[in-house]
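K.L.:
Coordinates only, no sequence provided:
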């Protein structure tokens, strides 16, 4: 009975819901289980294979040396050399390997921060395990350029310096402990239009001895490299070329120096600084004796004048100034000192350079003007020639009185050339020399 009542109530409930939502229907969807991935088994991790060590064959020490160079070029730091029909003693050859590389190609030894080797036996075959560490990347080592002798090397280094790099490495043959930093500093001094700021330069040489060396050069600039490159190209070159055009209109040397002073010191705001550069001189009115003398020499030479830089002392202080070749000889001028004194510069004789000292033995000789007569030297001393022979057809006139039988010349010796002044010009008429009487002629009545 209770079951029938429940069924009736359920029917009434369903009917009421249908009347409340007319036109709607209810759909029943069979329950689906979520999609499950099939179980997969992960492979067990395996031990990574050991890297294969590069190997090469070698029959002599030359093959090992070439192989080590190839290791450096390719960036390998480990290699096994299999010795097959090897000529020589591997132990001694490996001991001399570093020295042989130094003699032939020192840049490869320079590339290695460490070099170790070990000779082993593997299945009856001799092997050499070589292990090394590189201090620089292989591409950097191969970029080291070789130069024969110092002069071509200096030219290349100066070319690189125009890019204002911080370091440069070069291999030089024929390098014998020259002061390379001083050579490069002198180049910067005489080429202000190429390198507008003098860097501090340090040089490291490898090896310490030998004919072929690897040189590491380091350049320290106060101004950034990008800024220096831009200033040189866009500003300094323009103003220097403009000054050259104007200085070319000078009528004489005095006017040239006066115009030069007006261009480089346009106002009374000139200041001195040991850190001055060509740029600070041209655009900031801040210079030094070195920078001023460097720019003055360059501009004078560009207009055809013979001008040089003099380095010495002024009042006990290291100083630079200039000398210029004029019609009166070499004259001196100091633009930096004139700028500090707020006075126009003067052309001075060496004796007028009070307070200045410099090596006087370096004084250049004045250049002779084209077409001028050479400097007269000492007059040549005439050399006496042979005595003139008697004129044919003339009778010899014996001297009066008998002459002694021996030494007929003792009483009246003939005049000699040494007792007479030497003539500067030969006489117009040559007098016939009187013959000396012989013993027979003196005894005749």
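P.N.:
Okay, I see it. Note that the structure is a prediction, hence the values are computed from the model and not measured.
K.L.:
Kindly state the domain boundaries assigned to this protein.
P.N.:
The record's domain split for the chain, according to automatic domain parsing, is 55-137, 144-221, 227-360.
K.L.:
May I see the ones you listed arranged in a markdown table, with mean pLDDT and mean neighbour count as well?
P.N.:
The C-beta positions use only the backbone N, C-alpha and C, and glycine is treated the same way. Below are the domains of the chain laid out as a markdown table (pLDDT from 0 to 100; neighbours: other Cβ atoms under 10 Å):
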| stretch | mean pLDDT | mean neighbour count |
| --- | --- | --- |
| domain 55-137 | 92 | 15 |
| domain 144-221 | 92 | 16 |
| domain 227-360 | 94 | 17 |
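K.L.:
Before we go further, residue 68 is sitting in a helix, right?
P.N.:
Yes. The assignment for residue 68 by DSSP: H, G, I helix; E, B strand; the rest coil puts it in a helix.
K.L.:
surely it meets residue 101?
P.N.:
Yes. Counting by Cβ atoms under 8 Å, a contact exists between residue 68 and residue 101, whose distance comes to 7.1 Å.
K.L.:
any common contacting residues for these two?
P.N.:
Overlap between the contact sets of residue 68 and residue 101, as judged by Cβ atoms under 8 Å, 6 or more residues apart in numbering, is given by residue 108.
K.L.:
pLDDT score assigned to residue 445?
P.N.:
At residue 445, the predicted lDDT confidence score is 34.
K.L.:
no wait, residue 366
P.N.:
So, for residue 366, pLDDT stands at 57.
K.L.:
what does residue 375 give?
P.N.:
The predicted local confidence for residue 375 comes out at a pLDDT of 46.
K.L.:
Please name the nearest non-neighbouring residue to residue 86.
P.N.:
Excluding its sequence neighbours, the residue lying closest to residue 86 (Cβ to Cβ, 6 or more residues apart in numbering) is residue 59, at 5.8 Å.
K.L.:
The one you found and residue 93, how far apart?
P.N.:
Here the criterion is Cβ to Cβ, to the nearest Å. By it, residue 59 lies 11 Å from residue 93.
K.L.:
cool, and residue 180?
P.N.:
Here residue 180 is placed at a distance of 35 Å from residue 93 (Cβ to Cβ).
K.L.:
again with residue 192
P.N.:
Separation of residue 192 from residue 93 (Cβ to Cβ) stands at 54 Å.
K.L.:
before we move on, what about residue 245?
P.N.:
67 Å.
K.L.:
before we move on, the earlier item: which residues does the residue nearest to residue 86 contact?
P.N.:
Contact analysis of residue 59 by Cβ under 8 Å, 6+ apart lists 83, 84, 85, 86, 87.
K.L.:
which pair in those residues spans the largest distance?
P.N.:
84 and 87 (10.6 Å; Cβ to Cβ).
K.L.:
Nearest spatial neighbour of residue 69, chain-adjacent residues omitted?
P.N.:
Using Cβ to Cβ, 6+ apart, the nearest residue to residue 69 is residue 108, at 5.3 Å.
K.L.:
three-state assignment of that neighbour?
P.N.:
Local secondary structure at residue 108 is given as helix here, using three-state DSSP.
K.L.:
Distance-wise, check the nearest residue to residue 301 once chain neighbours are set aside relative to residue 333.
P.N.:
In space, residue 301 comes closest to residue 307 once its chain neighbours are excluded; the distance is 5.8 Å by Cβ to Cβ, 6+ apart. As judged by Cβ to Cβ, residue 307 and residue 333 stand 9 Å apart.
K.L.:
how about the strands in the stretch 101-250 of the chain?
P.N.:
112-122, 125-134, 145-148, 167-173, 200-206, 212-220 (DSSP state E, counting those that start in this stretch).
K.L.:
Can you check which of those gets nearest to residue 353?
P.N.:
The stretch from those with the least distance to residue 353 (Cβ to Cβ) is strand 200-206; that distance is 30.3 Å.
K.L.:
Can you list the neighbours in contact with that closest one?
P.N.:
Around strand 200-206, the neighbours that count as contacts under Cβ under 8 Å, 6+ apart are 106, 109-110, 175, 177, 180-181, 184-185, 213-220.
K.L.:
Just to check, residue 64 is in contact with residue 128?
P.N.:
Yes. Checked against Cβ under 8 Å, the pair residue 64 and residue 128 is within contact range at 6.8 Å.
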